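S.K.: Model the structure of this input:
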Amino acid sequence: MEFSGFTIIIENYIINDGNDYNYKGMLFVKLGQDKVYIDIFGFKPLTVILPFSDLMKNDCLKEYYELSRIAIGKPNIERDYCESDDLNHTPIINKKELSVYADTIYIVEDALTHTRVAKKGNCYYSLNNYIFRNMEVSTNEEIEEFFVNYNKNYGFEERKATYTALVNNL
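M.R.: Purely as a prediction, here's the structure:
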């Protein structure tokens, strides 16, 4: 299994609950050579298991998957974006639980200054390892519903070129 993440954080963003940030992100878990688990979180959570070939056919998701993979193996350069005290933490895999600090690319936007920077860190996930052992590709209906909700609720597409340039400057 290969884990990678891509997260967008908007700082100085005041919302009704008093938080001064907003975020949305993606976790990619490549399961062997033929499928990938995608967990999108933030505004409206979405999950799907796609054939890897379908991921590669979707221009937007492919781009974010490839950007997330740039984080894999790079040293963590920003303590503020690491959820582990050990900046180079590696996954712990046991029979019941999979606890992982996935290498993650963060795009940090400031709502006041409109500046954007890319940061390398990690993000903690605790997942049931049994789920991954027998995961089947989602049905056609589930995949279609995932893409309808993804396109409706997440605005990743219009920022793709900007994010790629930021990540390439790491």
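S.K.: contacts, neighbours, all on C-alpha from now
M.R.: OK.
S.K.: Centroid-nearest residue for the chain?
M.R.: Nearest to the mean C-alpha position of the chain, counting by CA atoms, centre = their mean, stands residue 26 at 2.4 Å.
S.K.: Tell me who's in contact with that one.
M.R.: By CA atoms under 8 Å, 6 or more residues apart in numbering, residue 26 lies in contact with 5, 6, 7, 38, 39, 40, 41.
S.K.: Output the contacting helices and strands for the longest helix along the chain.
M.R.: With secondary structure taken from DSSP state H, the chain has its longest helix at helix 140-153. Under the contact criterion of 3 or more CA pairs under 8 Å, 6 or more residues apart in numbering; DSSP states H and E, helix 140-153 touches strand 46-51.
S.K.: Hmm, residue 170 is touching residue 118, no?
M.R.: Yes: using CA atoms under 8 Å, residue 170 makes contact with residue 118 at a distance of 6.9 Å.
S.K.: of these two, who's got more company?
M.R.: A count of neighbours by other CA atoms under 10 Å puts residue 118 above the other of residue 170 and residue 118, at 20 against 14.
S.K.: A strand includes the more buried one, no?
M.R.: Yes: per DSSP: H, G, I helix; E, B strand; the rest coil, residue 118 lies within a strand segment.
S.K.: List the single closest residue to it in space, sequence neighbours excluded.
M.R.: The spatially closest residue to residue 118, leaving aside those adjacent along the chain, is residue 107, at 4.6 Å (CA to CA, 6 or more residues apart in numbering).
S.K.: Residue 64 too?
M.R.: Spatial nearest neighbour of residue 64, excluding adjacent residues (CA to CA, 6+ apart): residue 6 at 6.9 Å.
S.K.: before we move on, what about residue 110?
M.R.: residue 11 (4.9 Å).
S.K.: thinking again about what came up before, with secondary structure and neighbour count as extra columns, can I get the contacts of residue 26 in JSON lines?
M.R.: As requested, these are exported to JSON lines (DSSP: H, G, I helix; E, B strand; the rest coil; neighbours: other CA atoms under 10 Å):
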{"residue": "5", "secondary structure": "strand", "neighbour count": "30"}
{"residue": "6", "secondary structure": "strand", "neighbour count": "28"}
{"residue": "7", "secondary structure": "strand", "neighbour count": "24"}
{"residue": "38", "secondary structure": "strand", "neighbour count": "20"}
{"residue": "39", "secondary structure": "strand", "neighbour count": "16"}
{"residue": "40", "secondary structure": "strand", "neighbour count": "21"}
{"residue": "41", "secondary structure": "strand", "neighbour count": "16"}
